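Undergrad: Got a predicted model here, sequence first, then my questions.
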Amino acid sequence: MGPGAVSERLDPERILLVTGMSGAGKSTALNTLEDLGWEVVDNLPLKLLDRLLDTPPVEGADKRPLAIGIDSRTRGFEAAGVARRIAKLRQRAHYDVATLFLDCSGAELERRYDETRRPHPLALDRPASDGIMRERELLAPLRQAADYLVDTTQLSRAELQNDLRTRFGEETGPETVLTVTSFGFARGLPRNADLVFDMRFLRNPHWDRELKPMTGLDSAVGDYIAEDPAYEAAVAQIEELLLTLLPRYASEGKAYVTVAFGCTGGRHRSVHVAERVARRLREAGFSPTVTHRDLATAPRDAVEEIRAHTRAR
């Protein structure tokens, strides 16, 4: 949520300041906490942060835990000053305050910036390495004072989400870690999949010249798939099945559940259905992590042609 959406009746009993190196996963962390039921505010100017936290407790206010994203781009940012604010805040009996610092090696951060072709916020016209070095120096006081330090150098987005769910989801979310993933059968079944649903019965956008270069994340592809007469009934039944099974898995103490949706290449049908089902599960109170194993792979006509030829025989 944005700064303008902060409720005047917000009175959290638990506050987590989320900070760290740019590119180390702060946005992923805040999104994960929001899925777990936390109130989330990102890059709130420090003057407004002081005003928010100085507000006396209000009876009947929203007691959800509050996660506040702060980094070198925050207006008025000064690491030592933020550390002093945290120390002062901890003296207030009605607040449980902690700091999460997301770190990452310089080499991996450079790779991520190069891969996304985005400039570093502290080195807009210089190499990313310059911004990374400067930011590491600026954030040193916060890193030293952090209660939770997570190094994301070797972590995928899904692995970081699972780590945060384990650390911060005990009081606000289900114990079972739920993952919804898409994949292509051409590259084999995903490891550790508990439930696998085959989406190859749906009409294939791969054979549409305009849709072929797109993915299941594009609305035009989703609309095309949804026009299949079998789509709505089949996917709705899958959603109802999952809503029945997932609470049972949790009650049996299963720590991880992975639901996998497959199509031939893993770029269109499976991606779209995985996204739709994940939304339905969120609406029902679950907090799934969504991954797309083969989304980045290039379209492969040979693979689709083999599948089409097999179907025609």
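TA: That came through fine.

Undergrad: Which parts of the stretch 201-313 of the chain are helices?
TA: Assigned by DSSP state H, counting those that start in this stretch, the stretch 201-313 of the chain shows helices spanning 219-226, 231-251, 269-283, 301-312.

Undergrad: Output the below-cut-off pLDDT ranges for this structure.
TA: Where the chain drops to pLDDT under 70, the residues are 1-13, 49-50, 52-62, 74-76, 92-95, 170-175, 253, 299-313.

Undergrad: Give me whichever of the helices of the stretch 201-313 of the chain is most buried.
TA: Scoring the helices of the stretch 201-313 of the chain by mean neighbour count under mean count of other CB atoms under 10 Å gives helix 269-283 as the most buried, with a mean of 22. Just so you know, the C-beta spots here come from the backbone N, C-alpha and C atoms, and that holds for glycine as well.

Undergrad: Give me the residues contacting it.
TA: Identification of contacts with helix 269-283 by CB atoms under 8 Å, 6 or more residues apart in numbering yields 35, 178, 180-184, 197, 199-200, 202, 204-205, 215-217, 221-222, 225, 235, 238-239, 242-243, 246, 259, 261-263, 288, 290, 292, 295.

Undergrad: Relative to the whole chain's centre, how far out is that helix?
TA: Computed by CA atoms, centre = their mean, to the nearest Å, the chain-centroid distance of helix 269-283 equals 14 Å.

Undergrad: For the closest residue to residue 21 other than its chain neighbours, grab phi and psi.
TA: Nearest non-adjacent residue to residue 21, counting by CB to CB, 6 or more residues apart in numbering: residue 104, 5.4 Å away. Per-residue torsions, residue 104: phi -170, psi 150 (degrees, to the nearest 10).

Undergrad: out of the contacts of helix 269-283, which are inside strands?
TA: Among these, the residues falling in strands (DSSP state E) are 178, 180-184, 197, 259, 261-263, 290, 292.

Undergrad: Rebuild those residues as CSV, extending it with distance to residue 27 and neighbour count.
TA: Output for these, formatted as CSV (distance: CB to CB, whole Å; neighbours: other CB atoms under 10 Å):
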residue, distance to residue 27, neighbour count
178, 20, 24
180, 19, 25
181, 20, 26
182, 21, 28
183, 25, 25
184, 27, 24
197, 29, 18
259, 24, 22
261, 25, 30
262, 28, 28
263, 28, 30
290, 15, 20
292, 17, 21
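
Undergrad: Let me know the closest of these to residue 128.
TA: residue 292 (25.9 Å; CB to CB).

Undergrad: so residue 268 makes contact with residue 215?
TA: Yes. The criterion here is CB atoms under 8 Å, and residue 268 meets it with residue 215 at 6.5 Å.

Undergrad: out of those two, which sits in the more crowded spot?
TA: With neighbours defined as other CB atoms under 10 Å, residue 268 and residue 215 compare such that residue 268 has more, 32 against 19.

Undergrad: dump the residue contacts of that one.
TA: Contacts of residue 268 by CB under 8 Å, 6+ apart are 204, 205, 206, 211, 214, 215, 216, 221, 225.

Undergrad: Closest one of these to residue 39?
TA: For these, the residue nearest residue 39 by CB to CB is residue 216; the value is 31.0 Å.

Undergrad: wait, the closest one sits on residue 183?
TA: No. Counting by CB under 8 Å, residue 183 is not a contact partner of residue 216; they are 11.8 Å apart.

Undergrad: Hmm, residue 152 and the residue nearest to residue 21 touching each other?
TA: Yes. Residue 104 is in contact with residue 152 according to CB under 8 Å; the separation is 5.0 Å.

Undergrad: Between those two, which contacts overlap?
TA: Common neighbours of residue 104 and residue 152, using CB under 8 Å, 6+ apart, are 24, 25.

Undergrad: From the neighbour counts alone, determine which of the two ranks first.
TA: For residue 104 versus residue 152, the count of surrounding residues by other CB under 10 Å is larger for residue 152: 25 against 22.

Undergrad: what residues are up against that one?
TA: Applying CB under 8 Å, 6+ apart to residue 152 gives the contacts 24, 25, 102, 103, 104, 160.
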